[in-house]
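Asker: Need coordinates for the following:
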Amino acid sequence: MSVSLMLEKVKQRSGIAQKADLAAVSKILCSVTTPYPNGDDCAVIERNGVFNLLAIEGFMNKFVARDPWFAGWCGIMVNLSDIAAMGGVADAIWCKNEDGMSSIMKGMLAASEAYGVPIVGGHTHLKGNQQQLAVSILGHANRVLSSFAATPGQNIVVAIDLRGEYRAPFLNWNAATSSPVDRLRGDLALLPHIAEQSLATAAKDISQAGLLGTIIMLLESSNVGANIQLEAIPKPQEVGWDDWLCTFPSFGFILTCDDESLSDLLSCFESRCIAAAKVGKINNSRQFWVRDGTSAHLFWDFDESALTGLGRAPIHHTKE
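Answerer: Numbering: from 1, shown residues only. Here you go, the predicted model:
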C-alpha cells in the first residue's frame, strides 16, 4: 500500500471525524468570552495564582460494554493524561456510570490506587438501557502547557511509552495496567516538571483521533501548520503504520519546544525509558504535511477545512 493511500485510510479510519463534531459546539460558543479559550485538553480556571484544571471524558458505549473493567481504569488514566498534558497534577475525580457498576468501579478503584488519586464522589444509576461511563478529574498546575501556544519554528516532539501491547479488540495501546505503580506515577510527573522548567510550551495528549488527528487539533488551536517525518515517530517494530497512526496510547503526548530546549526535553523522557523523538517543525503555512523519505503528502489544509473550529491566535500561560 502506498503511503498516500495509507494516510487517506488513516484519515477515514481514525477518530478524526468524531472530533469534527466539536465544530457544531464551537459555532454556539464562538461568542463566549473566557480568559482561556475552549479547545485545550482541560478547562483552565485560574484562582490565586494557581491554574485549576478540569478534565472530563465520556466513553463509547461499545467499549464500556465490551471491557467494563478497562473502561473504568481508562476513566481515570485518560483524564490524568489530559491533566498532565497541560502540566498539571490530579487531586480529585467525579464519576458517573450506569449498569455493569461492579466491573467498572473495580477498574476505577485499581487505577485510583495505582495512580494515587482518590475517588471522591459521583452518580450511579443501575436501571439504564446500556452501560455508560463518564469520569471527571480536577487538577492544578503552576504553569500551563496549552494547545494554543505553538509557534512557527518550534520543534514537534512525540513521546510514547512503547512498553505495552494492544488490548483487543480496540486499538488501545496498554502500557499501564501491568506497570509498576512507581513508574506510572513518575512518568506522569514528567509533564508538570517539563512545564515548570519551561522545556515545552504547547502539549496535547494523543487521543482517540490518533497521533495525526491530535496534531491537527494542536495546529488548529495555535493557527499554524507543520511538516513531520513519518519514520521519526516512535513505533513498536511489530505494528504497522496504518494501525499505529490510529492508536490511542495509554501514555502518549505531542509537545512543541524551542531548539534550545529540545535536548533537555528528550532527555526527560529518555530518563524514564519512554520513547521520544523530534518528528518535525511548526510553521505558519496552516497546512499539515507528512513526509515519507523524499515524498510529501498534504494531510490537512486549514484554509480548505477546519476540524473543530476552536482555533484562535496563540497564547501563553505562565504563573507570574
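
Asker: any idea which element residue 187 lies in?
Answerer: Using DSSP states H and E, residue 187 maps to helix 181-196.

Asker: With residue 157 instead?
Answerer: strand 155-160.

Asker: and the nearest residue to residue 113 once chain neighbours are set aside, what does it touch?
Answerer: In this structure, residue 113 finds its nearest non-sequential neighbour in residue 181, 7.9 Å apart by CB to CB, 6 or more residues apart in numbering. Any C-beta I mention is one placed from the backbone N, CA and C, and that applies to glycine too. Shown in contact with residue 181 (CB atoms under 8 Å, 6 or more residues apart in numbering): 113, 114, 116.

Asker: okay, residue 181: pLDDT?
Answerer: pLDDT for residue 181: 96.

Asker: same deal with residue 37?
Answerer: 74.

Asker: circling back to that earlier point, what about the residue nearest to residue 113, distance to residue 191?
Answerer: The gap separating residue 181 from residue 191 is 18 Å, by CB to CB, to the nearest Å.

Asker: cool, residue 217 as well?
Answerer: 18 Å.

Asker: Residue 286 too?
Answerer: 28 Å.

Asker: any idea where the strands of the stretch 151-300 of the chain begin and end?
Answerer: 155-160, 165-166, 172-174, 202-205, 225-229, 248-249, 252-257, 275-283, 287-292, 295-301 (DSSP state E, counting those that start in this stretch).

Asker: Compare those strands and report which one is nearest to residue 58.
Answerer: Residue 58 sits nearest to strand 248-249 of all those, at 14.3 Å, using CB to CB.

Asker: Low-confidence ranges, the stretch 101-250 of the chain, go.
Answerer: Where the stretch 101-250 of the chain drops to pLDDT under 70, the residues are 125-129.

Asker: For residue 259, give me its contacts.
Answerer: residue 155.

Asker: again, only this time at 6 Å
Answerer: For residue 259, the contact set (CB atoms under 6 Å, 6 or more residues apart in numbering) is empty.

Asker: The one 3 residues further on now?
Answerer: Residue 262 is in contact with residue 155, counting by CB under 6 Å, 6+ apart.

Asker: at 10 Å what do you get?
Answerer: Residues near residue 262 by CB atoms under 10 Å, 6 or more residues apart in numbering: 154, 155, 157, 199, 200, 278.

Asker: who wins for most neighbours among the residues you listed?
Answerer: Neighbour counts for the contacts of residue 262 peak at residue 200, which has 27 neighbours (criterion: other CB atoms under 10 Å).

Asker: any idea how far residue 165 is from residue 247?
Answerer: Per CB to CB, residue 247 is found 11 Å from residue 165.

Asker: what do these two both touch?
Answerer: With CB under 10 Å, 6+ apart, residue 247 and residue 165 have common neighbours 172, 173, 236, 239.

Asker: Dump those residues to JSON lines, plus distance to residue 254 and neighbour count.
Answerer: As requested, the shared contacts of residue 247 and residue 165 are exported to JSON lines (distance: CB to CB, whole Å; neighbours: other CB atoms under 10 Å):
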{"residue": "172", "distance to residue 254": "18", "neighbour count": "20"}
{"residue": "173", "distance to residue 254": "15", "neighbour count": "25"}
{"residue": "236", "distance to residue 254": "18", "neighbour count": "17"}
{"residue": "239", "distance to residue 254": "18", "neighbour count": "16"}
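
Asker: That's all I had, so thanks and see you.
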